[in-house]
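K.L.:
Got a predicted structure here, sequence first:
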Amino acid sequence: MPRPRPPAHPGRVCALTHTSEALRDNPLGDPFVRTLHVWLPPQYDAPAFAEQRFPVLFDFAGFLGSGLSHTNWKGFGENLPRRAARLVAQKKMAPAIIVFPDCFTALGGNQYVNSSAIGAYADYLTQELVPFVDAQFRTLASREHRGCFGKSSGGYGAIVHGMLYAKHWGAVADHSGDSYFDFVYASDWPNTLDTLAKFARPKRKAGPIDVQALAAADGLAEGLDDGRVARFLAELRKKKKLAPADGHTVMNLCMAATYDPDPQAPNGFRLPFHLETGEKIEARWKHWLANDPIHMVRRHAKALRSLRGIYIDCGWADQYHIHYGTRILSQRLAELGIAHTYEEFDDNHSDIDYRMDTSLPFLVDALR
């Protein structure tokens, strides 16, 4: 595979430190002093553009990732600053500023919304980082010239921010963002339950089992942890390397902490499936569905209509079957007459940053 030729003028990446009040005393004890990277296009420092202000894009990284990783060197490919510089040099995209926040957490990430179990990450982005970046750089400091984009959890964050926080964003791009939770999440919970079962106490013994007693164990029918979730998380934090099942298990727990937080519950959130029988707890699952983009569109149609651009795409071989959710999402938008662009491509969920060759110019064009 040929390595892409670097652009003649790559721009520059600035590293800034920000102290967050929104993340101070967050329930996971994660850092509230965070680094963010900001890419400035080559025009930013050119004398001819000394008075020019630029549109701004915020990059929402996927689960287990951080915006900081998107500015690193990338073998057999381009990191995001280099990709943007190439697009600008090829005149496929007008120059823009790109912000790379660090929103990683002890649960592997978040969905870029506020959660009492994780932290106020929507507030961190919209109430703190947006004005912080506007104060530091020559931005076009209004929502009409500011957008967000991301893949997977980041794509979810982008489309949901377009619904819940449209006063801050003028356009959004959602690459393979979580949607249609009945497909995307529910099918993986049996694996998570099997992983968590290894941390149940007392240890299971071969022989007769009183299933009725297991089903009636205190709190399990209400989605409460009997200690196994806490033990799994404690063990996870000690590990030097995640086992294959660990990543998806902590992801599902992070989603529970996002979609069904409860300060009174163990660990600060409830679970959507009975830990022993595996039965779906409908009273808990309804909280998940309330946060599913396909069910949010109608409630937030006015905000979506106010956006200057909505871009959505997904590979039709997505291994998490997200393409079904993005199709439904596009259908819901079309039913309500909400203008958007929806595309599919022949690929899966992994290593699809090349799709930003389409979304970044789309966003910048909408925000100029």
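P.N.:
Cool, the structure landed.
K.L.:
Excluding covalently adjacent residues, which one is nearest to residue 9?
P.N.:
In space, and not counting its chain neighbours, residue 9 is closest to residue 42: 3.7 Å by CB to CB, 6 or more residues apart in numbering. Where you see a C-beta, it was placed from the backbone N, CA and C, and this is true even at glycine.
K.L.:
Mind splitting the chain into its structural domains?
P.N.:
Domain assignment for the chain by automatic domain parsing gives 12-179+295-367, 183-290.
K.L.:
got those as JSON lines, with mean neighbour count and mean pLDDT columns?
P.N.:
As requested, those are exported to JSON lines (neighbours: other CB atoms under 10 Å; pLDDT from 0 to 100):
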{"stretch": "domain 12-179+295-367", "mean neighbour count": "20", "mean pLDDT": "98"}
{"stretch": "domain 183-290", "mean neighbour count": "16", "mean pLDDT": "96"}
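K.L.:
hang on, the earlier thing: the residue nearest to residue 9 touches residue 10, doesn't it?
P.N.:
Yes - Residue 42 is within contact range of residue 10, at 7.2 Å (criterion: CB atoms under 8 Å).
K.L.:
Find the residues that touch each one of these two.
P.N.:
residue 85 (CB atoms under 8 Å, 6 or more residues apart in numbering).
K.L.:
end to end, how far does stretch 341-349 reach?
P.N.:
Stretch 341-349 has an end-to-end distance of 19 Å (criterion: CA to CA, to the nearest Å).
K.L.:
so what's the residue nearest to residue 9 up against?
P.N.:
9-11, 85, 88, 95.
K.L.:
tell me the two of the residues you listed that are most distant?
P.N.:
By the measure CB to CB, 10 and 95 form the most distant pair in these, at 12.4 Å.
K.L.:
now residue 136, nearest residue through space, not along the chain?
P.N.:
residue 16 (6.7 Å).
K.L.:
Tell me where the stretch 51-200 of the chain has helices.
P.N.:
80-89, 121-123, 130-136, 153-164, 181-184, 189-197 (DSSP state H, counting those that start in this stretch).
K.L.:
could you dump those to JSON lines with distance to residue 274?
P.N.:
Output for these, formatted as JSON lines (distance: least, CB to CB, whole Å):
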{"stretch": "helix 80-89", "distance to residue 274": "42"}
{"stretch": "helix 121-123", "distance to residue 274": "29"}
{"stretch": "helix 130-136", "distance to residue 274": "41"}
{"stretch": "helix 153-164", "distance to residue 274": "26"}
{"stretch": "helix 181-184", "distance to residue 274": "17"}
{"stretch": "helix 189-197", "distance to residue 274": "9"}
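K.L.:
Which of those sits closest to residue 250?
P.N.:
helix 189-197 (9.1 Å).
K.L.:
C-terminal to that closest one, what's the next element?
P.N.:
helix 211-215 (DSSP states H and E).
K.L.:
Distance from the helix or strand just after that following helix to the middle of the chain?
P.N.:
Under the assignment DSSP H and E, the closest C-terminal helix or strand after helix 211-215 is helix 228-238. The chain centre lies 23 Å from the centre of helix 228-238; the measure is CA atoms, centre = their mean, to the nearest Å.
K.L.:
now the angle from helix 228-238 to helix 189-197?
P.N.:
Interaxial angle, helix 228-238 versus helix 189-197 (axes from the mean of the first three to the mean of the last three CA atoms, to 10 degrees): 80 degrees.
K.L.:
Helix 228-238 packs against which elements?
P.N.:
helix 189-197, helix 244-259 (3 or more CB pairs under 8 Å, 6 or more residues apart in numbering; DSSP states H and E).
K.L.:
Do a quick rundown of the strands in the stretch 1-150 of the chain.
P.N.:
Listed in chain order, the strands of the stretch 1-150 of the chain (DSSP state E, counting those that start in this stretch) span residues 12-19, 33-40, 56-60, 97-100, 114-115, 119-120, 146-151.
K.L.:
Take those strands and lay them out in a markdown table including distance to residue 347.
P.N.:
As requested, those are exported to a markdown table (distance: least, CB to CB, whole Å):
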| stretch | distance to residue 347 |
| --- | --- |
| strand 12-19 | 28 |
| strand 33-40 | 25 |
| strand 56-60 | 20 |
| strand 97-100 | 23 |
| strand 114-115 | 31 |
| strand 119-120 | 33 |
| strand 146-151 | 12 |
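K.L.:
nearest to residue 199, of these?
P.N.:
strand 114-115 (23.1 Å).
K.L.:
same for the closest one, what does it pack against?
P.N.:
Counting by 3+ CB pairs under 8 Å, 6+ apart, strand 114-115 packs on helix 121-123.
K.L.:
Can you tell me what sits against the helix it packs on?
P.N.:
22-23, 103, 110, 112-115, 161, 164-165.
K.L.:
what's near enough to touch residue 95?
P.N.:
Neighbours of residue 95 in contact, by CB under 8 Å, 6+ apart: 41-44, 49, 54, 88.
K.L.:
now do residue 280
P.N.:
Taking CB under 8 Å, 6+ apart, one finds 186, 272-273 in contact with residue 280.
K.L.:
Could I get the phi/psi values of it?
P.N.:
Torsion angles at residue 280 (phi, psi; degrees, to the nearest 10) stand at phi -70, psi 130.
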